[in-house]
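J.: Just need the structure, nothing else, for what follows:
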Amino acid sequence: MTDSHIVGETTFSGLFPNHRSRLLWALCAIVLGVLIAGFWNYHWVDGFGKDFVAGQTIGDTERLSGSYNEQGVGFGFIFAIVAGLAATFTACNCVVFAMLPGLACSSDGAGSPRQLALKALGVFTLSVLLVCFVYGAYIGTLGAERIGVFNERPNRLAQAQIIFTALGGVLFVWGLISFGFLDRVITRLPKGLLRFFASPLTKAGLMGVLVGLFAVGRPFPVFRDFLAYAAASENSLYGGAVMAVQGIGQILVMVLLFLLLLVPFSKRIANWASRHPGKLEQFSAAALLAGGSYFIFYWGLAFAYDVGRWGFKLNWYS
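T.: Down below sits the predicted model:
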(Lines give C-alpha, C1' and ligand atoms only; values in the text may rest on other atoms or scores of the structure.)
Protein backbone atom coordinates (compact mmCIF):
# COMPACT_ATOMS: atom_id res chain seq x y z
CA MET A 1 0.00 0.00 0.00
CA THR A 2 1.35 3.45 -0.86
CA ASP A 3 0.90 6.56 1.26
CA SER A 4 -1.24 8.18 -1.40
CA HIS A 5 -5.01 7.94 -1.33
CA ILE A 6 -6.76 7.02 -4.56
CA VAL A 7 -10.24 8.33 -5.28
CA GLY A 8 -11.59 7.51 -8.72
CA GLU A 9 -8.64 8.12 -11.04
CA THR A 10 -7.09 10.88 -8.92
CA THR A 11 -4.30 10.36 -6.42
CA PHE A 12 -4.20 12.80 -3.50
CA SER A 13 -0.65 12.28 -2.28
CA GLY A 14 -0.85 15.17 0.16
CA LEU A 15 -3.72 13.86 2.25
CA PHE A 16 -1.44 12.32 4.85
CA PRO A 17 2.27 13.10 5.23
CA ASN A 18 3.16 9.46 5.81
CA HIS A 19 1.75 6.08 6.76
CA ARG A 20 2.31 6.72 10.47
CA SER A 21 0.32 9.97 10.30
CA ARG A 22 -2.54 8.18 8.60
CA LEU A 23 -2.60 5.46 11.24
CA LEU A 24 -2.49 8.05 14.02
CA TRP A 25 -5.43 9.99 12.59
CA ALA A 26 -7.45 6.79 12.18
CA LEU A 27 -6.65 5.52 15.67
CA CYS A 28 -7.55 8.85 17.26
CA ALA A 29 -10.85 8.92 15.36
CA ILE A 30 -11.74 5.40 16.52
CA VAL A 31 -10.80 6.15 20.14
CA LEU A 32 -12.82 9.38 20.08
CA GLY A 33 -15.90 7.59 18.74
CA VAL A 34 -15.67 4.84 21.35
CA LEU A 35 -15.09 7.30 24.22
CA ILE A 36 -18.09 9.41 23.26
CA ALA A 37 -20.24 6.27 22.97
CA GLY A 38 -18.98 4.84 26.25
CA PHE A 39 -19.64 8.00 28.24
CA TRP A 40 -22.86 9.00 26.45
CA ASN A 41 -25.49 10.18 28.92
CA TYR A 42 -28.65 9.12 27.13
CA HIS A 43 -30.82 10.05 30.13
CA TRP A 44 -29.84 13.70 29.84
CA VAL A 45 -29.95 13.88 26.04
CA ASP A 46 -33.22 11.98 25.66
CA GLY A 47 -34.71 13.94 28.54
CA PHE A 48 -33.73 17.23 26.92
CA GLY A 49 -35.51 16.23 23.73
CA LYS A 50 -38.58 14.86 25.50
CA ASP A 51 -39.05 17.34 28.33
CA PHE A 52 -37.66 20.55 26.86
CA VAL A 53 -37.96 20.42 23.06
CA ALA A 54 -41.23 18.46 22.88
CA GLY A 55 -42.60 19.19 26.35
CA GLN A 56 -42.25 22.94 25.99
CA THR A 57 -43.80 23.06 22.53
CA ILE A 58 -46.54 20.46 22.04
CA GLY A 59 -46.70 18.83 25.47
CA ASP A 60 -46.92 15.17 26.46
CA THR A 61 -46.14 13.21 23.30
CA GLU A 62 -47.25 9.90 24.81
CA ARG A 63 -50.74 11.32 25.30
CA LEU A 64 -50.69 12.98 21.88
CA SER A 65 -49.69 9.74 20.15
CA GLY A 66 -53.28 8.49 20.36
CA SER A 67 -55.00 11.78 19.52
CA TYR A 68 -55.06 11.65 15.72
CA ASN A 69 -58.87 11.70 15.55
CA GLU A 70 -58.94 14.74 17.85
CA GLN A 71 -55.96 16.75 16.58
CA GLY A 72 -56.37 15.99 12.90
CA VAL A 73 -54.12 15.97 9.86
CA GLY A 74 -52.47 19.37 10.30
CA PHE A 75 -51.13 18.70 13.77
CA GLY A 76 -49.20 15.72 12.46
CA PHE A 77 -46.84 18.06 10.60
CA ILE A 78 -46.19 20.04 13.78
CA PHE A 79 -45.66 16.80 15.68
CA ALA A 80 -43.24 15.70 12.92
CA ILE A 81 -40.96 18.74 13.05
CA VAL A 82 -40.88 18.66 16.85
CA ALA A 83 -40.08 14.93 16.87
CA GLY A 84 -37.22 15.53 14.45
CA LEU A 85 -35.81 18.43 16.45
CA ALA A 86 -36.17 16.51 19.73
CA ALA A 87 -34.05 13.72 18.27
CA THR A 88 -31.24 16.04 17.12
CA PHE A 89 -28.72 15.14 19.83
CA THR A 90 -29.89 11.63 20.68
CA ALA A 91 -27.56 8.64 20.36
CA CYS A 92 -29.27 7.68 17.10
CA ASN A 93 -28.83 11.07 15.43
CA CYS A 94 -25.75 12.85 16.77
CA VAL A 95 -23.58 11.19 14.12
CA VAL A 96 -25.33 13.41 11.56
CA PHE A 97 -22.78 16.07 12.49
CA ALA A 98 -20.01 13.76 11.26
CA MET A 99 -21.31 14.54 7.76
CA LEU A 100 -20.36 18.24 8.00
CA PRO A 101 -16.69 17.91 6.95
CA GLY A 102 -17.66 15.72 4.00
CA LEU A 103 -20.17 18.27 2.74
CA ALA A 104 -17.76 21.14 3.37
CA CYS A 105 -15.09 19.63 1.13
CA SER A 106 -17.47 19.07 -1.78
CA SER A 107 -15.47 20.18 -4.80
CA ASP A 108 -14.76 18.83 -8.27
CA GLY A 109 -12.53 21.64 -9.48
CA ALA A 110 -15.33 23.41 -11.39
CA GLY A 111 -17.48 26.24 -10.12
CA SER A 112 -17.21 28.12 -6.85
CA PRO A 113 -16.73 26.13 -3.62
CA ARG A 114 -19.86 27.76 -2.16
CA GLN A 115 -22.05 26.76 -5.10
CA LEU A 116 -20.72 23.21 -5.05
CA ALA A 117 -21.22 22.91 -1.29
CA LEU A 118 -24.77 24.25 -1.52
CA LYS A 119 -25.54 21.84 -4.34
CA ALA A 120 -24.15 18.98 -2.24
CA LEU A 121 -26.27 20.12 0.69
CA GLY A 122 -29.34 20.07 -1.54
CA VAL A 123 -28.62 16.52 -2.74
CA PHE A 124 -27.95 15.42 0.85
CA THR A 125 -31.25 16.91 2.06
CA LEU A 126 -33.25 15.46 -0.82
CA SER A 127 -31.85 12.00 -0.10
CA VAL A 128 -32.79 12.28 3.58
CA LEU A 129 -36.34 13.29 2.69
CA LEU A 130 -36.72 10.52 0.10
CA VAL A 131 -35.70 7.76 2.54
CA CYS A 132 -37.91 9.23 5.26
CA PHE A 133 -40.87 9.45 2.89
CA VAL A 134 -40.57 5.79 1.92
CA TYR A 135 -40.33 4.72 5.56
CA GLY A 136 -43.26 6.96 6.50
CA ALA A 137 -45.36 5.48 3.72
CA TYR A 138 -44.83 2.07 5.28
CA ILE A 139 -45.68 3.37 8.76
CA GLY A 140 -48.89 4.85 7.38
CA THR A 141 -50.08 1.38 6.39
CA LEU A 142 -49.74 -0.14 9.88
CA GLY A 143 -52.75 1.38 11.60
CA ALA A 144 -53.24 1.92 15.32
CA GLU A 145 -53.10 -1.75 16.33
CA ARG A 146 -50.07 -2.92 14.38
CA ILE A 147 -48.01 0.14 15.31
CA GLY A 148 -48.44 -0.84 18.95
CA VAL A 149 -46.62 -4.12 18.36
CA PHE A 150 -44.08 -2.37 16.13
CA ASN A 151 -43.30 0.11 18.93
CA GLU A 152 -42.93 -2.38 21.78
CA ARG A 153 -39.63 -1.80 23.58
CA PRO A 154 -37.94 -5.16 22.75
CA ASN A 155 -38.83 -4.76 19.09
CA ARG A 156 -37.68 -1.17 18.75
CA LEU A 157 -34.38 -1.84 20.59
CA ALA A 158 -33.65 -4.86 18.39
CA GLN A 159 -34.45 -2.76 15.35
CA ALA A 160 -32.12 0.00 16.58
CA GLN A 161 -29.27 -2.43 17.24
CA ILE A 162 -29.49 -4.01 13.79
CA ILE A 163 -29.91 -0.77 11.84
CA PHE A 164 -27.33 1.35 13.64
CA THR A 165 -24.70 -1.38 13.88
CA ALA A 166 -25.05 -1.93 10.13
CA LEU A 167 -24.88 1.82 9.45
CA GLY A 168 -21.85 2.02 11.71
CA GLY A 169 -20.20 -0.66 9.62
CA VAL A 170 -20.87 1.32 6.43
CA LEU A 171 -19.46 4.52 7.94
CA PHE A 172 -16.43 2.65 9.28
CA VAL A 173 -15.62 1.09 5.92
CA TRP A 174 -16.20 4.46 4.21
CA GLY A 175 -13.75 5.99 6.66
CA LEU A 176 -11.17 3.30 5.90
CA ILE A 177 -11.60 3.95 2.19
CA SER A 178 -11.22 7.70 2.73
CA PHE A 179 -8.04 7.12 4.71
CA GLY A 180 -6.68 5.05 1.83
CA PHE A 181 -6.37 1.80 3.76
CA LEU A 182 -8.38 -0.10 1.14
CA ASP A 183 -6.76 1.38 -1.97
CA ARG A 184 -5.53 -2.01 -3.18
CA VAL A 185 -9.12 -3.28 -3.20
CA ILE A 186 -10.73 -0.09 -4.49
CA THR A 187 -8.43 0.30 -7.49
CA ARG A 188 -9.54 -3.09 -8.81
CA LEU A 189 -13.07 -1.77 -9.37
CA PRO A 190 -14.16 -0.45 -12.81
CA LYS A 191 -12.93 3.11 -13.44
CA GLY A 192 -16.41 4.33 -14.32
CA LEU A 193 -17.74 3.10 -10.98
CA LEU A 194 -14.84 4.77 -9.16
CA ARG A 195 -15.53 8.08 -10.90
CA PHE A 196 -19.21 7.84 -9.97
CA PHE A 197 -18.54 7.26 -6.27
CA ALA A 198 -15.77 9.88 -6.23
CA SER A 199 -18.25 12.56 -7.31
CA PRO A 200 -19.03 15.02 -4.48
CA LEU A 201 -22.74 14.86 -5.30
CA THR A 202 -22.74 11.05 -5.18
CA LYS A 203 -21.06 11.18 -1.78
CA ALA A 204 -23.59 13.77 -0.58
CA GLY A 205 -26.44 11.55 -1.78
CA LEU A 206 -25.01 8.52 0.02
CA MET A 207 -24.63 10.55 3.21
CA GLY A 208 -28.26 11.60 2.90
CA VAL A 209 -29.41 7.99 2.49
CA LEU A 210 -27.50 6.97 5.62
CA VAL A 211 -28.94 9.84 7.66
CA GLY A 212 -32.43 9.08 6.36
CA LEU A 213 -32.02 5.51 7.60
CA PHE A 214 -31.39 6.89 11.10
CA ALA A 215 -35.16 7.31 11.31
CA VAL A 216 -35.71 3.63 10.50
CA GLY A 217 -33.75 2.51 13.55
CA ARG A 218 -34.60 5.30 15.97
CA PRO A 219 -35.98 3.99 19.31
CA PHE A 220 -36.42 7.47 20.89
CA PRO A 221 -39.78 7.56 22.74
CA VAL A 222 -40.86 10.93 21.29
CA PHE A 223 -40.21 9.63 17.80
CA ARG A 224 -42.11 6.40 18.49
CA ASP A 225 -45.05 8.45 19.79
CA PHE A 226 -44.95 10.34 16.52
CA LEU A 227 -44.97 7.05 14.60
CA ALA A 228 -48.12 6.02 16.46
CA TYR A 229 -49.80 9.29 15.48
CA ALA A 230 -48.82 8.89 11.80
CA ALA A 231 -49.88 5.23 11.69
CA ALA A 232 -53.31 6.09 13.09
CA SER A 233 -54.08 7.92 9.83
CA GLU A 234 -53.96 4.59 7.96
CA ASN A 235 -52.78 6.59 4.95
CA SER A 236 -49.41 5.83 3.37
CA LEU A 237 -49.21 9.19 1.55
CA TYR A 238 -49.84 11.08 4.77
CA GLY A 239 -47.37 8.90 6.65
CA GLY A 240 -44.71 9.61 4.03
CA ALA A 241 -45.37 13.35 4.05
CA VAL A 242 -45.16 13.79 7.81
CA MET A 243 -42.09 11.54 8.01
CA ALA A 244 -40.36 13.69 5.40
CA VAL A 245 -41.11 16.74 7.55
CA GLN A 246 -39.63 14.86 10.49
CA GLY A 247 -36.53 14.35 8.34
CA ILE A 248 -36.22 18.11 7.98
CA GLY A 249 -36.40 18.44 11.75
CA GLN A 250 -33.70 15.85 12.38
CA ILE A 251 -31.13 17.60 10.14
CA LEU A 252 -32.24 21.20 10.67
CA VAL A 253 -29.60 22.10 13.28
CA MET A 254 -26.84 20.55 11.18
CA VAL A 255 -28.00 22.36 8.04
CA LEU A 256 -28.19 25.71 9.84
CA LEU A 257 -24.73 25.17 11.30
CA PHE A 258 -23.41 24.29 7.85
CA LEU A 259 -24.92 27.42 6.31
CA LEU A 260 -23.74 29.59 9.21
CA LEU A 261 -20.18 28.48 8.53
CA LEU A 262 -20.39 28.34 4.74
CA VAL A 263 -22.16 31.54 3.70
CA PRO A 264 -20.09 34.17 5.55
CA PHE A 265 -16.81 32.23 5.60
CA SER A 266 -16.80 30.36 2.28
CA LYS A 267 -13.90 32.41 0.85
CA ARG A 268 -11.85 31.99 4.00
CA ILE A 269 -12.55 28.26 4.04
CA ALA A 270 -11.59 27.98 0.35
CA ASN A 271 -8.38 29.97 0.91
CA TRP A 272 -7.49 27.86 3.94
CA ALA A 273 -8.19 24.67 2.00
CA SER A 274 -5.97 25.82 -0.88
CA ARG A 275 -3.13 26.57 1.56
CA HIS A 276 -3.62 23.23 3.32
CA PRO A 277 -4.55 20.76 0.56
CA GLY A 278 -6.22 17.62 1.82
CA LYS A 279 -6.97 18.89 5.33
CA LEU A 280 -10.75 18.95 4.88
CA GLU A 281 -10.57 15.45 3.44
CA GLN A 282 -8.60 14.38 6.52
CA PHE A 283 -11.31 15.74 8.79
CA SER A 284 -13.98 14.08 6.68
CA ALA A 285 -12.25 10.69 6.82
CA ALA A 286 -11.72 11.00 10.57
CA ALA A 287 -15.34 12.06 11.15
CA LEU A 288 -16.68 9.08 9.19
CA LEU A 289 -14.44 6.67 11.10
CA ALA A 290 -15.37 8.23 14.45
CA GLY A 291 -19.08 8.09 13.60
CA GLY A 292 -18.85 4.48 12.52
CA SER A 293 -16.93 3.54 15.67
CA TYR A 294 -19.54 5.30 17.78
CA PHE A 295 -22.44 3.37 16.24
CA ILE A 296 -20.67 0.01 16.29
CA PHE A 297 -19.67 0.38 19.93
CA TYR A 298 -22.84 2.02 21.26
CA TRP A 299 -25.45 -0.02 19.43
CA GLY A 300 -23.50 -3.21 18.80
CA LEU A 301 -20.85 -4.08 21.35
CA ALA A 302 -22.22 -2.17 24.35
CA PHE A 303 -25.69 -3.68 24.03
CA ALA A 304 -24.48 -7.19 23.29
CA TYR A 305 -21.77 -7.41 25.95
CA ASP A 306 -22.66 -4.64 28.43
CA VAL A 307 -19.32 -2.89 27.95
CA GLY A 308 -20.67 0.65 27.72
CA ARG A 309 -22.48 3.10 30.03
CA TRP A 310 -19.19 3.98 31.73
CA GLY A 311 -20.47 7.23 33.21
CA PHE A 312 -23.34 5.38 34.91
CA LYS A 313 -21.11 2.58 36.14
CA LEU A 314 -18.71 5.13 37.66
CA ASN A 315 -21.67 6.95 39.24
CA TRP A 316 -20.81 10.14 37.39
CA TYR A 317 -24.41 10.57 36.26
CA SER A 318 -27.40 10.70 38.53
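J.: show me the contacts for the nearest residue to Thr141 once chain neighbours are set aside.
T.: Spatially, and ignoring its direct neighbours in sequence, Thr141 is nearest to Ser236 (5.1 Å; Cβ to Cβ, 6 or more residues apart in numbering). To be clear about C-beta, it is placed using only N, CA and C from the backbone, and glycine gets the same treatment. If you count contacts by Cβ atoms under 8 Å, 6 or more residues apart in numbering, Ser236 has them with 137-138, 140-141.
J.: Tell me where the stretch 151-300 of the chain has strands.
T.: Counting by DSSP state E, counting those that start in this stretch, the stretch 151-300 of the chain has no strands at all.
J.: again with the stretch 1-150 of the chain
T.: Under DSSP E, counting those that start in this stretch, the stretch 1-150 of the chain gives strands at 5-7, 10-12.
J.: Comparing the ones you listed, which yields the minimum mean pLDDT?
T.: In terms of average pLDDT, strand 10-12 trails the rest of the strands of the stretch 1-150 of the chain, at a mean of 39.
J.: On the pLDDT front, check Phe196 for me.
T.: At Phe196, the pLDDT value in this model is 90.
J.: What is the neighbour count of the residue lying closest to it once chain neighbours are set aside?
T.: Nearest residue to Phe196 in three dimensions, chain neighbours excluded: Thr202, at 5.8 Å (Cβ to Cβ, 6+ apart). Applying other Cβ atoms under 10 Å, we find 14 other residues in the vicinity of Thr202.
J.: and Thr202, how far is that from Leu193?
T.: From Thr202 across to Leu193, the span is 10 Å (Cβ to Cβ, to the nearest Å).
J.: where does the stretch 151-300 of the chain dip in pLDDT?
T.: 273, 276-278 (pLDDT under 70).
J.: repeat that with 80
T.: Residues of the stretch 151-300 of the chain meeting the criterion pLDDT under 80: 262-280.
J.: what's the longest helix in this protein?
T.: helix 236-275 (DSSP state H).
J.: Would you mark the buried spots in that one?
T.: With burial defined by 16 or more other Cβ atoms under 10 Å, the residues of helix 236-275 counted as buried are 236, 238-251, 253-255, 258, 262, 266, 269, 273.
J.: One more: stretch 154-167?
T.: 156, 159-161, 163-167.
J.: need these in TSV with distance to Phe181, can you?
T.: Formatted as TSV, the buried residues of stretch 154-167 follow (distance: Cβ to Cβ, whole Å):
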residue	distance to Phe181
Arg156	35
Gln159	31
Ala160	28
Gln161	26
Ile163	25
Phe164	23
Thr165	21
Ala166	20
Leu167	20
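J.: Where helices are concerned, which of the residues you listed count?
T.: Using DSSP H, 156, 159-161, 163-167 are the members of the buried residues of stretch 154-167 that sit in helices.
J.: Among those, which one lies nearest to Ile36?
T.: Phe164 (14.2 Å; Cβ to Cβ).
J.: So what's the residue count around the residue lying closest to Leu176 once chain neighbours are set aside?
T.: Nearest non-adjacent residue to Leu176, counting by Cβ to Cβ, 6+ apart: Leu182, 5.4 Å away. Leu182 has 16 neighbours, counted by other Cβ under 10 Å.
J.: next one: phi and psi at Leu182?
T.: phi -110, psi 20 (degrees, to the nearest 10).
J.: swap in Thr141?
T.: phi -90, psi -10.
J.: Now do the contacts for it.
T.: 234, 236, 239.
J.: From Cys92, how far out is the residue nearest to Thr141?
T.: In terms of Cβ to Cβ, Ser236 sits 24 Å off from Cys92.
J.: what does Gly76 give?
T.: 21 Å.
J.: Tell me which of those two has more neighbours.
T.: For Gly76 versus Cys92, neighbours defined as other Cβ under 10 Å are more numerous around Cys92 (25 against 22).
J.: Which phi and psi values does the closest residue to the more buried one other than its chain neighbours adopt?
T.: Using Cβ to Cβ, 6+ apart and skipping residues adjacent in sequence, the residue nearest Cys92 is Arg218, 4.7 Å away. Taking degrees, to the nearest 10, you get phi -60, psi 120 for the backbone angles of Arg218.
J.: same thing with Asp306?
T.: Dihedral angles of Asp306 (phi, psi; degrees, to the nearest 10) stand at phi 50, psi 50.
J.: Quick one: neighbours of it, just the number.
T.: 9.
J.: pLDDT score assigned to it?
T.: pLDDT, Asp306: 90.
J.: what sits against it?
T.: By Cβ under 8 Å, 6+ apart, Asp306 has no neighbours at all.
J.: how near is it to Gly247?
T.: For Asp306, the distance to Gly247 equals 33 Å [Cβ to Cβ].
J.: Please apply the same query to Leu260.
T.: Separation of Leu260 from Gly247 (Cβ to Cβ) stands at 20 Å.
J.: Quick check: the residue of the chain most remote from its centre vs Tyr229, distance?
T.: In the chain, Glu70 marks the outermost C-alpha relative to the chain mean, sitting 33.5 Å out by Cα atoms, centre = their mean. Separation of Glu70 from Tyr229 (Cβ to Cβ): 11 Å.
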